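S.K.: Here is the input, now give the coordinates:
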Amino acid sequence: MSHRIEKEFHGRTLIIETGRMARQADAAVYVQYGETGLLVTTTAERKPTHLPFFPLTVEYREKTYAAGKFPGGFIKRETRPGDKETISARQIDRPLRPLFPEDYRQETQVVCFVVSADQENDGDVIGMLGASTALMLSPIPWDGPIAGVRVARMDGKWLVNPTFQDLEMCDLEIVVAGSEDSIVMVEGACLEATEDEFLEAMQVGQDAIRELIGIQRELVAAAGAKEKFEYEPVGPNPDVVARVNDSATDRVGDALRIADKEERGRTLSALRTELIEALEDEFPEPDKDVGTALSKLEKRIMRERILRDGERIDGRGSNEVRDIDCEVGLLPRTHGSALFTRGQTQSLAVTTLGTVRDEQRIDSVDVREETSKSFMLHYNFPGFSTGEVRMFRGTSRRETGHGMLAERALQALLPAYEDFPYTIRVVSDILESNGSSSMASVCGGSLSLMDAGVPMRAPCAGIAMGLIKEGDQVEILTDILGIEDALGDMDFKVAGTERGITAVQMDIKADGLSVETMREALSRARDARLHILGVMKETLATARDDMSPHAPRIMTIQINPEKIGEVIGPKGKTIRMIQEETGADINIEDTGVVTIAAVSGEGGERAREMVEAIVEEPEVGRVYRGVVKNTTDFGAFVEIIPGVEGLCHISELEEGRTEKTEDVVKPGDEVKVKLLAVDDRGRLKLSRRAAMAPAEDA
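M.R.: Model prediction:
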């Protein structure tokens, strides 16, 4: 039996339905907002896996049929998920994951299929609503519900779930997810928003989330939730935990005072090996139990020290930023480069400038036609950055997400394309990692862009904030280490300029975070950001005046669109000739805008002159220097500009009578001629004689 709820939610119809589709899944929900619809299912295995972590996967897939499209390329079916699908999957995953039981290890999957796309409403927040509702209806143990909305500001007014068209005019856009009482995830971008404006946006989101949770509860009450199944708790042997606590507490405490990540890791690894060897005769296969017990012990000791003594692993105060070192221009052949190091986190950021041909083409169900992207930031996280051996495979979801966060932070500060018509790619290769490598990518990326001569509105920096919360005890941590992220209650990344915030990403594991705690975290993040910007400015305060000699120089000219064919030539012959002769790259848009890019300034200027010569309109009364293309009994045909010829009648070759054309000019001769007239059929009348007159001499 199907059940359906239909409500108005911020100007559009919201439909949630269950019991009609995918009935063999543990639960399935169809959610529609406007005319964008998603089928969301959730399924779980009934036995735990052998894995030492909770194996939750969230898949978000756009079906091209949803927008009445065919998949692009040669393979006419959907393939691997694109960046948008990956980011949406991560946004749905992050607020769901903390609400599963800590000792639950059954493989669980949430699948979101975009099956209808109206190209006005984004499916990501709709998928979040569907996932929460499906988990509520399912027999899978989960402590929901949650919901998510997109909050944006346009002309000073707050919008909830704005359309794609509205977003083009908004100066703030964030996705907020949470429960009825607290925010658990935030991600988005702003145009240098203040901390108070950001908090106001979160409050708008929280109010809308409560409304969506009420709708979920209404459907669950009508349809009836399945009884939650009994699962087999997975945890360490309590006897092993007790032995580890008795014998290793002091030694773990000593290890957690070692500031160097590598040395601390070696010490804890040696301790783990020693404990396993000591317990293997008494307990069968104690490896996992010892590892889990040690992790719990590390977490307890680290958190107690921070809350009780204000003592962090590396000896810093709670609001202290690690030492920072910046270098720029270190790679001689790149267009811009920077090495940003903060403590044991290091990003090598490199900027490459290209032309319109280098833009990324994007075909999505969210837009009616293929679009292009002229700014990209790609983040790479090789195994050696953490001292590990790891296979090189495709880009991970984490790498895609971190790169997108850094891209959003810098995007708002780039010059308008009309003022700086370059395609820009920044690559952040993480060379060392111990906390907040995405924010290091923001700092390194900003320096790299300025080193490349990109006239940014302002430098940008980022910082990651953490939190330790036990009951009423709360400690906010600035510039968190990797272990403080893993064992803490918050990962709050804030990027921006001196004026305000440009990007945020926040995940909270603790319950009931107050507005005042959030305000304090944002305030400390601003102090840290200003400190980092100060250090960066000592290295490079503004964009360089000159670009790298290896970067292309780009110029644009406007030509008559009717002349495009003449510039291209038959089968592209003319434009290929210009490019081969000058070394320039030429792109022509349908509007007649010609973009010329060349590493050599001289080559670009020569290409411009050649294009202008082709599209030049003949001007009556002007003297031209042309080439004789052909001679006849009645005169000579002279090409005055590329592709444009006129007749110089035999009577106009020189003063007096001319018996034979070739007595005066021959094919291939360069001559000066004056354009006397253009008849109604477009034929040009030239005169060599008139051009030779002193007063008319060119």
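S.K.: residue boundaries of the helices in the stretch 351-500 of the chain?
M.R.: With DSSP state H, counting those that start in this stretch as the criterion, the stretch 351-500 of the chain has helices at 397-411, 437-451, 482-487.
S.K.: Kindly report the same for the stretch 51-200 of the chain.
M.R.: 83-96, 124-137, 164-167, 195-223.
S.K.: Taking helix 195-223 as reference, get the angle to the second one.
M.R.: Compare the direction of helix 124-137 with that of helix 195-223 by axes from the mean of the first three to the mean of the last three CA atoms, to 10 degrees and you get 40 degrees.
S.K.: Would you mind putting the CA coordinates of helix 124-137 into PDB?
M.R.: What follows is helix 124-137, C-alpha atoms only, in PDB (Å, rounded to 0.1, in the frame of the first residue of the first chain):
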ATOM      1  CA  ASP A 124      20.900  17.200  -3.600                       C
ATOM      2  CA  VAL A 125      18.900  18.600  -0.700                       C
ATOM      3  CA  ILE A 126      15.900  16.600  -1.900                       C
ATOM      4  CA  GLY A 127      18.000  13.500  -1.800                       C
ATOM      5  CA  MET A 128      19.000  14.200   1.800                       C
ATOM      6  CA  LEU A 129      15.300  14.500   2.700                       C
ATOM      7  CA  GLY A 130      14.500  11.200   0.900                       C
ATOM      8  CA  ALA A 131      17.500   9.400   2.600                       C
ATOM      9  CA  SER A 132      16.400  10.400   6.100                       C
ATOM     10  CA  THR A 133      12.800   9.400   5.400                       C
ATOM     11  CA  ALA A 134      13.800   6.000   3.900                       C
ATOM     12  CA  LEU A 135      16.000   5.300   6.900                       C
ATOM     13  CA  MET A 136      13.200   6.200   9.300                       C
ATOM     14  CA  LEU A 137      10.800   3.800   7.500                       C
END
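S.K.: Now do stretch 669-680: distance to the chain's middle.
M.R.: 56 Å (CA atoms, centre = their mean, to the nearest Å).
S.K.: Just the mean pLDDT for it, thanks.
M.R.: If you average the pLDDT over stretch 669-680, you get 91.
S.K.: same check, this time on stretch 262-278
M.R.: Rounded mean pLDDT across stretch 262-278 is 94.
S.K.: ditto for stretch 132-140
M.R.: For stretch 132-140, the per-residue pLDDT averages 98.
S.K.: Touching it from outside, list them.
M.R.: 16, 18, 25-29, 31, 40-42, 44, 96, 106, 108, 110, 142, 144-147, 216, 219-220, 223, 225-229 (CB atoms under 8 Å, 6 or more residues apart in numbering). The way it works is simple: take the backbone N, C-alpha and C, and place the C-beta from them, glycine included.
S.K.: picking up where we left off before, nearest to Ala503, out of the helices of the stretch 51-200 of the chain?
M.R.: Closest approach to Ala503 among these (CB to CB): helix 195-223, 10.8 Å.
S.K.: The most centrally placed residue in the chain and Ala503, how far apart?
M.R.: Residue closest to the mean C-alpha point of the chain, counted by CA atoms, centre = their mean, is Met404 at 2.8 Å. Using CB to CB, to the nearest Å, Met404 is found at 9 Å from Ala503.
S.K.: Also Asn237?
M.R.: 44 Å.
S.K.: So for those two, which sits in the more crowded spot?
M.R.: Ala503 (27 against 17; other CB atoms under 10 Å).
S.K.: Could you count how many residues lie near Ala677?
M.R.: Residues lying near Ala677 (other CB under 10 Å) number 12.
S.K.: Could you tell me the model confidence score at the residue nearest to it when sequence neighbours are not counted?
M.R.: Closest residue in space to Ala677, ignoring its immediate chain neighbours: Lys685 at 4.6 Å, by CB to CB, 6 or more residues apart in numbering. pLDDT recorded at Lys685 is 94.
S.K.: before we move on, which element is Lys685 in?
M.R.: Here Lys685, judged by DSSP states H and E, is contained in strand 684-687.
S.K.: Over to Gly604?
M.R.: Counting by DSSP H and E, Gly604 is part of helix 601-615.
S.K.: Okay, buried residues for that helix please.
M.R.: Along helix 601-615, these residues count as buried under the neighbour rule (16 or more other CB atoms under 10 Å): 603-608, 610-611, 614-615.
S.K.: So what touches it?
M.R.: 553-555, 557, 559-560, 563, 566-567, 574, 578-579, 581-584, 586, 594, 596-598, 641-643.
S.K.: rerun at 7 Å
M.R.: Helix 601-615 has contacts (CB atoms under 7 Å, 6 or more residues apart in numbering) with 553, 555, 557, 559-560, 563, 566-567, 574, 578, 582-584, 586, 594, 596-598, 641-643.
S.K.: List buried members of these by neighbour count.
M.R.: Going by neighbour count (16+ other CB under 10 Å), the contacts of helix 601-615 have 553, 555, 559, 563, 566-567, 574, 578, 582, 584, 586, 594, 596-598, 641-642 buried.
S.K.: can you map out the strands along the stretch 251-400 of the chain?
M.R.: 324-328, 336-342, 345-354, 360-362, 371-373, 375-380 (DSSP state E, counting those that start in this stretch).
S.K.: The third one packs against which elements?
M.R.: Put plainly, it is strand 345-354. If you count contacts as 3 or more CB pairs under 7 Å, 6 or more residues apart in numbering; DSSP states H and E, strand 345-354 packs onto strand 336-342, strand 423-432, helix 437-451.
S.K.: How far does the last one sit from its chain's centre?
M.R.: Right, the one you point to is helix 437-451. With CA atoms, centre = their mean, you get 14 Å for helix 437-451.
S.K.: Report the angle between it and strand 375-380.
M.R.: Using the same axes, to 10 degrees, helix 437-451 lies at 130 degrees relative to strand 375-380.
S.K.: what is the rounded mean pLDDT of helix 437-451?
M.R.: Mean predicted confidence for helix 437-451 is 98.
S.K.: Going by neighbour count, list what's buried in that helix.
M.R.: 437-451.
S.K.: quick one: low-confidence parts of the stretch 551-698 of the chain?
M.R.: 695-698 (pLDDT under 70).
S.K.: switch the cut-off to 80
M.R.: The stretch 551-698 of the chain contains residues with pLDDT under 80 at 600-601, 642-643, 694-698.
S.K.: now the strands: where do they sit in it?
M.R.: 553-558, 585-588, 593-598, 623-632, 635-641, 644-649, 670-678, 684-687.
S.K.: which residues are in contact with the first one?
M.R.: Strand 553-558 is touched from outside by 355, 421-422, 592-598, 601, 604, 608, 611-612, with contacts defined as CB under 7 Å, 6+ apart.
S.K.: Any regions of the stretch 401-550 of the chain where pLDDT drops low?
M.R.: In the stretch 401-550 of the chain, residues with pLDDT under 80: 510-513.
S.K.: Brilliant, that's me finished.
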